[in-house]
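Participant: Got a sequence here, can you model it:
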Amino acid sequence: MFFVVLATGVGLRTYQHFFIGRPLWEDEAHLALNFIESGHLEMFMPLKNFQSAPILFLLGVETFSALFGFSEIVLRLFPFIVAILCYPLFYYFVRDMTGSRLTALTAFILLTCNLYVIQYTSELKPYIVELSAYILLGFLLFSKSNYVSARRDKLLIVSGCTVLFAANTSFVFLAIIALYRWYKRRQINKEQLPDKYAAQKKADIKLYKAWGIAFAAMVILNIIINPYADNMRHEWQRYFIPFNIFSSDFVQFMHAQSQDIFFNTVFLFPAKGVLSYLVPVLVVAGLIYMLRAKKYGWLIISVLPVLAHLFLSWVQLYPLFQRFVLYLAPAVIIWLSVSVTAIAEAVAGFTHKMIGWGIVLVFLFVALQPSAVQYPQAFRDIRPCLDQINKQPSDLKLYTGTPKTLYEYYYKTGYANNATREEVLWKSSVAEYFDTMKKREGSYMLLHSRYNYDGLKDIVDTLDSMGLVSDKFEYSDYRLYTIKPAE
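Facilitator: Sure thing, here's the model as predicted:
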C-alpha cells in the first residue's frame, strides 16, 4: 500500500508540474524577475519588487535557472525536487513515532492527495520547502533505521542548520524538537541511569548550541537581505490574531480563518451539513486521546507547532493565513490521523477489524473528495489576454494594474511583445486616474485583475459607464479593455 500511495503521489505531483502548463501568477512573477535580472551574488542583496525568501531557496532556484533557462517548469523545479525527495519520509516519520502502520498510512494518504500541497509542490514560493523541512526533521528525530539511529545527532545538527537557511518557519519546528528532546531526557531516571542521562544532556547541549549559532546567523542575514519585514507586517496586519482574546473581533477572526484554512484552501475538507463538524470533532477527539493515553510526545510534535504559530500571530510576528500555515499541514494531518485511527481501533475492538478499516476508508473518501474533484489546479492564466495584446498594433499603448510584473516577466521571456507598457498606480482613485490620463491622445489598452485589490477595477467600471470602452476581453482572473479617448 505504501508503494501504491507513493506512486500515486509522485504521479499527481509530476503531472501538475510538467504537463498542465500552469503559468506563473503575480506573486511568483514578483520573485521570478529577480532571477532573470540578477545572479547568485545578488541573491544576498535585498530583492526587487518587495520580495524576500530564504537564501538557500534563492540560490537553488537561481542555479536551476542558470543551467536550464527561464520557464515555469524550471523556476519551480527546485521546490519540486525538494518536495519529492522529502515527501515519502512522512510515512516513516509517522510510523516510527506512533508505532502504527494504519496511522502512518492514513496520514500519508492525506498528504499524498491534498490538492493544496500538490499545488505548492509546483510553485515558485518556499512554502513547500518549509513543509518538507518539517517532514525531514521529524523523520530524523523518530527514524528507527540503523543508519539514522547511529548518526541521529549529527544528522539533526546538519539538517537543522541547513533548513534554517532554506525555510523561514523551520525555527518553529527546531524549537519543538528541542523541547521534545528535553522531555525525553526528563524520562530518563537520573539517579538510576546517571551516565545515560549525562550523555543525553551533553548531546542535547551540543545540538542546541549548533542550532543557536545557525539561527543567529540566519537572523543577521535576514536583516541584511530582507529590509521589508516591517512593511510586510503592515501589509499582513489584517491576518494577525486580535490581541484581546475575549473580544468579538477575536472570535470572528478565528472562525473566519479556521473556515478558510480547513474548508476553502489548505485542507479542503467538505463543509456541507453534518460533514462540517467532522474536523472539530476529530480535533477534540485526538486531543483527548493523546492526553488520556499520556502520549505527551505526540502532543509536542503535532499540537504544539499549531499553538506556536497561533502565538506568533497573536504577538504580530507571523500572519495566520492560507499559504503561511502550509508547513503545519503535516502536524495537523498527524493529529487528525491519530484521532481517526484511535476511533477506528476502539470500534474494531468490540466489533471487527474490518469495520475499523471501513471507518478509516470512509474518512479518507470524505476528506479527499474536494481535492480529487478540483485536481489538477491550473489557478490563474494570463496568457489568453497576452495573446489578445499580441494581436493589436505594436504601438497601441498598454497600461497595467496589478499584473504589471507578470506582464514584465512574459515580455522578458519572449511570450508578450508589446513594448509600450506603463504602470498605472493601482491604488489611484478615479479622479487621480483621469487627471493622469487626460492628456492622452488616441486609444489605449488596460490590463488588470478582477480582484478588488486591483484599483483599476473601479476605474474601468467608470470608463465603461461613460461609454469609453470600445473592446473588452476577459479570461480567468484577468481583464483586457481597449479605451477610446474622452472627448
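Participant: Name the surrounding residues that touch the helix or strand where L59 lies.
Facilitator: Using DSSP states H and E, L59 falls within helix 55-68. Identification of contacts with helix 55-68 by C-beta atoms under 8 Å, 6 or more residues apart in numbering yields 34-36, 38-40, 43-44, 47, 74-75, 77-79, 82, 124, 126, 129, 162, 165-167, 221, 225. Where you see a C-beta, it was placed from the backbone N, CA and C, and this is true even at glycine.
Participant: Can you tell me which of those residues are buried?
Facilitator: Listed as buried from the contacts of helix 55-68 are 34-35, 43, 47, 74-75, 77-79, 82, 124, 126, 129, 165-167, 225; burial here means 16 or more other C-beta atoms under 10 Å.
Participant: Can you give me the neighbour number for W357?
Facilitator: 15 (other C-beta atoms under 10 Å).
Participant: Going by neighbour count, which residues of whichever strand or helix holds it are buried?
Facilitator: Assigning secondary structure by DSSP H and E places W357 in helix 353-374. Using 16+ other C-beta under 10 Å as the test for burial, helix 353-374 gives 356, 359-360, 363-364, 367-368, 370-371.
Participant: Then stretch 240-259?
Facilitator: Within stretch 240-259, the residues scored as buried using 16+ other C-beta under 10 Å are 240-242, 253, 257.
Participant: So which of those are in strands?
Facilitator: Among the buried residues of stretch 240-259, no member falls in strands (criterion: DSSP state E).
Participant: Which of those residues fall within helices?
Facilitator: Counted as lying in helices by DSSP state H, out of the buried residues of stretch 240-259, are 253, 257.
Participant: and which of the buried residues of stretch 240-259 is nearest to T420?
Facilitator: Using C-beta to C-beta, F240 comes nearest to T420 of the buried residues of stretch 240-259, at 40.8 Å.
Participant: list the contacts for the closest one?
Facilitator: 233, 313-314, 316, 319-320.
Participant: Quick one: buried ones out of these?
Facilitator: Buried members of the contacts of F240, counted by 16+ other C-beta under 10 Å: 313-314, 319-320.
Participant: Stretch 242-254 spans what distance, first to last residue?
Facilitator: 9 Å (C-alpha to C-alpha, to the nearest Å).
Participant: Can you pull out the residues in contact with that stretch?
Facilitator: 241, 314.
Participant: same question, stretch 74-83
Facilitator: The contact list for stretch 74-83 (C-beta under 8 Å, 6+ apart) reads 13, 17, 24, 28, 32, 35, 57, 60-61, 63-65, 68, 120-126, 128-129, 131-132, 166.
Participant: pLDDT and distance to P194 for the buried residues of stretch 240-259 - can I get that in TSV?
Facilitator: Formatted as TSV, the buried residues of stretch 240-259 follow (pLDDT from 0 to 100; distance: C-beta to C-beta, whole Å):
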residue	pLDDT	distance to P194
F240	95	47
I241	96	44
P242	95	49
F253	96	50
Q257	95	48
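Participant: Which of the buried residues of stretch 240-259 sits closest to Q200?
Facilitator: For the buried residues of stretch 240-259, the nearest to Q200 is I241 (36.4 Å; C-beta to C-beta).
Participant: Now do the closest one against K201, distance only.
Facilitator: 36 Å (C-beta to C-beta, to the nearest Å).
Participant: what's the answer for L446, then?
Facilitator: Here the criterion is C-beta to C-beta. By it, L446 lies 66 Å from K201.
Participant: now swap in K184 and tell me
Facilitator: 11 Å.
Participant: go on, A150?
Facilitator: Separation of A150 from K201 (C-beta to C-beta): 20 Å.
Participant: For those two, work out which one has more neighbours and name it.
Facilitator: The residue with more neighbours, out of A150 and K201, is K201; 15 against 10, by other C-beta under 10 Å.
Participant: what packs against whichever helix or strand the more buried one is part of?
Facilitator: Counting by DSSP H and E, the element that carries K201 is helix 194-225. Packing contacts for helix 194-225, counted by 3 or more C-beta pairs under 8 Å, 6 or more residues apart in numbering; DSSP states H and E, involve helix 146-163, helix 170-186.
Participant: most neighbours per residue, which of these?
Facilitator: With neighbours defined as mean count of other C-beta atoms under 10 Å, the helices and strands packed on helix 194-225 peak in mean count at helix 170-186, which reaches a mean of 19.
Participant: how distant is that helix from the center of its chain?
Facilitator: 23 Å (C-alpha atoms, centre = their mean, to the nearest Å).
Participant: Check which helices and strands it is in contact with.
Facilitator: Helix 170-186 sits against helix 127-142, helix 146-163, helix 194-225, helix 296-302, helix 304-314, with contacts defined as 3+ C-beta pairs under 8 Å, 6+ apart.
Participant: low-confidence ranges in the protein?
Facilitator: In the predicted model, the chain carries pLDDT under 70 at residues 229-231, 425-427, 438-439, 452-455, 487.
Participant: Can you give the domain ranges for it?
Facilitator: Domain assignment for the chain, taken from automatic domain parsing, gives 2-374, 383-483.
Participant: now for the first one, what's the gap between its first and last residues?
Facilitator: End-to-end distance for domain 2-374, by C-alpha to C-alpha: 24 Å.
Participant: The shortest one too?
Facilitator: The separation between the terminal residues of domain 383-483, taken as C-alpha to C-alpha, is 20 Å.
Participant: all strands for the stretch 301-450 of the chain, in order.
Facilitator: Along the stretch 301-450 of the chain, counting by DSSP state E, counting those that start in this stretch, strands occupy 397-400, 422-423, 444-449.
Participant: Based on its surroundings, how many neighbours for Y91?
Facilitator: Residues near Y91, counting by other C-beta under 10 Å, number 23.
Participant: Pretty sure it sits in a helix.
Facilitator: Yes: assessed by DSSP: H, G, I helix; E, B strand; the rest coil, Y91 belongs to a helix.
Participant: Need the CA coordinates for stretch 420-436. CSV is fine.
Facilitator: Below are the C-alpha coordinates for stretch 420-436, written out as CSV (Å, rounded to 0.1, in the frame of the first residue of the first chain):
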residue,chain,number,x,y,z
THR,A,420,4.9,50.2,-24.7
ARG,A,421,3.7,49.0,-21.3
GLU,A,422,3.5,51.5,-18.5
GLU,A,423,2.2,51.0,-14.9
VAL,A,424,-0.9,52.7,-13.7
LEU,A,425,-0.8,53.3,-10.0
TRP,A,426,-3.3,50.6,-9.0
LYS,A,427,-4.3,52.4,-5.8
SER,A,428,-5.2,55.6,-7.7
SER,A,429,-8.7,57.0,-7.3
VAL,A,430,-10.9,57.5,-10.3
ALA,A,431,-10.2,61.3,-10.1
GLU,A,432,-6.4,60.8,-10.0
TYR,A,433,-6.6,58.4,-12.9
PHE,A,434,-8.4,60.9,-15.1
ASP,A,435,-6.1,63.7,-14.1
THR,A,436,-3.1,61.5,-15.2
